[in-house]
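Engineer: Predicted model, plus sequence, below.
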Amino acid sequence: MVGLVLAALVLVVPYAHATTPKASTAPTTAVFYYPWFGNPVHDGAYDHWQQNGHAPDADIASSYYPSRGTYSSSDPGLLDAQMREIERARIGEIIISWWGRGSSTDERIAGVIAAARTHSIEVAAHLEPYQGRSIASVAEDIAYLRSLGISDVFVYHATDFPAAEWQPLTSSLNDMRLFAQTPLAGYAKTGGFQGIYTYDTLTYRGRVFARMCTAAHRQGLICAPSVGPGYSAQRATGDVRSVDRANGRTYDSMWNAAIQAGADMTTITSYNEWNEGTQIEPACVHAAYVSYDGAWGLRGNTADRAYLDRTRFWVSRYVRQRRGGTQLNEPR
């Protein structure tokens, strides 16, 4: 069986193995991006805003209300505005949530890529655990994503498969970087991944970053821990667990932990996962919804963009630290 799978992988992805990561010009910061939102004007119906029985526009599946309203990820003007502010925040790469061929995220990926590249933003894929996903299907996915010019692939729930089962695929890749969603460097090394990330900022807080990056570097892997502002998914999923944003202190703490850990790349959860309340995209004050008001002492319209502005601050500090090799303390 392993021989048959290996033969299939070689046919699908016939590239030589690359043991070195991208050049030093690779982005230092990437953000998880969701192209799955829809509305009646652009898509004929709401998508994701109505999750868990909600009724947009007034009632949406998020604890926060987007400043742009219930937008569509199919809207070229919306995509351009989003990429413009991601560029201004000095984020170098977006990691697009992708649920396989034929999904709504696949239908929109070309438009997102075009908008990102207009603003000199690199594009990676977040390979989600779609129904029927297997090592063989991932090989086909990677060949397809590579044809779109994508060279970074972040595999969510990589540990759904034993590490050794990844080897036939990962050993056949060239000019591609695969990241495993796990803090376990040993697993990623055995599987042939180039790096690790955490994504889940509810489970993996800043206190695990130092141990994670130390282990990754010992294995010669890229350490890309995920920082986030908070978590609040009850309206969308019923999950009662949460991470308080603490007026920005949570975000600062995670960024500081990533820098102190010597992260090679920092990933942000997320730009616009509104359903889980991890977004840094602008949110406005709206009846019955929480907002960013009070973050870093900001109020009113200025607070709407607080997390994007703070991201620019942190990326700038991060880049300076990487160039100078100095340690930074958490800001007051």
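Structural biologist: Arrived safely, thanks for sending. Residues are numbered from 1 along each chain as shown.
Engineer: low pLDDT regions in the stretch 201-332 of the chain?
Structural biologist: Regions of the stretch 201-332 of the chain meeting the criterion pLDDT under 70 cover residues 325-332.
Engineer: Return the set of buried residues in the longest helix seen in the chain.
Structural biologist: Secondary structure assigned by DSSP state H gives helix 306-324 as the longest helix of the chain. Residues of helix 306-324 classed as buried under the neighbour-count rule (16 or more other Cβ atoms under 10 Å) are 306-311, 313-315, 318, 321-322. Quick note: C-beta positions are derived from backbone N, CA and C, even for glycine.
Engineer: mind listing the strands in the stretch 101-250 of the chain by residue range?
Structural biologist: Secondary structure of the stretch 101-250 of the chain (DSSP state E, counting those that start in this stretch): strands located at 122-127, 152-155, 177-181, 195-197, 222-223, 226-227, 231-232, 242-243.
Engineer: May I see the buried residues of helix 306-324 arranged in a markdown table, with distance to Ala114 as well?
Structural biologist: Formatted as a markdown table, the buried residues of helix 306-324 follow (distance: Cβ to Cβ, whole Å):
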| residue | distance to Ala114 |
| --- | --- |
| Ala306 | 29 |
| Tyr307 | 26 |
| Leu308 | 22 |
| Asp309 | 26 |
| Arg310 | 28 |
| Thr311 | 23 |
| Phe313 | 29 |
| Trp314 | 28 |
| Val315 | 24 |
| Tyr318 | 28 |
| Gln321 | 33 |
| Arg322 | 30 |
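Engineer: ok, the residues you listed vs Gly238, which is closest?
Structural biologist: Closest approach to Gly238 among the buried residues of helix 306-324 (Cβ to Cβ): Tyr307, at 25.0 Å.
Engineer: any idea how far the closest residue to Tyr144 other than its chain neighbours lies from Ala180?
Structural biologist: In space, Tyr144 comes closest to Arg101 once its chain neighbours are excluded; the distance is 6.9 Å by Cβ to Cβ, 6 or more residues apart in numbering. From Arg101 across to Ala180, the span is 22 Å (Cβ to Cβ, to the nearest Å).
Engineer: I'd like to know how far Glu273 sits from Gln51.
Structural biologist: 12 Å.
Engineer: who has more neighbours, these two?
Structural biologist: The neighbour count for Glu273 versus Gln51, taken as other Cβ atoms under 10 Å, is higher for Glu273 (23 against 17).
Engineer: how close does Tyr187 sit to Asp160?
Structural biologist: For Tyr187, the distance to Asp160 equals 12 Å [Cβ to Cβ].
Engineer: so what sits against both of the two?
Structural biologist: Common neighbours of Tyr187 and Asp160 are not found (criterion: Cβ atoms under 8 Å, 6 or more residues apart in numbering).
Engineer: Of these two, which one has the most company?
Structural biologist: For Tyr187 and Asp160, the more surrounded residue by other Cβ under 10 Å is Tyr187, and the numbers stand at 18 against 13.
Engineer: If we ignore the residues flanking it in sequence, what's nearest that one?
Structural biologist: For Tyr187, the closest residue by Cβ to Cβ, 6+ apart turns out to be Ala163, at 4.9 Å.
Engineer: cool, and Ala110?
Structural biologist: Spatial nearest neighbour of Ala110, chain neighbours left out: Leu148 (7.3 Å); criterion: Cβ to Cβ, 6+ apart.
Engineer: ok, that neighbour touching Ile109?
Structural biologist: Yes. Taking contact to mean Cβ atoms under 8 Å, the distance of 6.9 Å between Leu148 and Ile109 places them in contact.
Engineer: Compare these two and say which is more crowded by neighbours.
Structural biologist: With other Cβ under 10 Å as the criterion, Leu148 and Ile109 differ in neighbour count, and Ile109 comes out ahead with 21 against 13.
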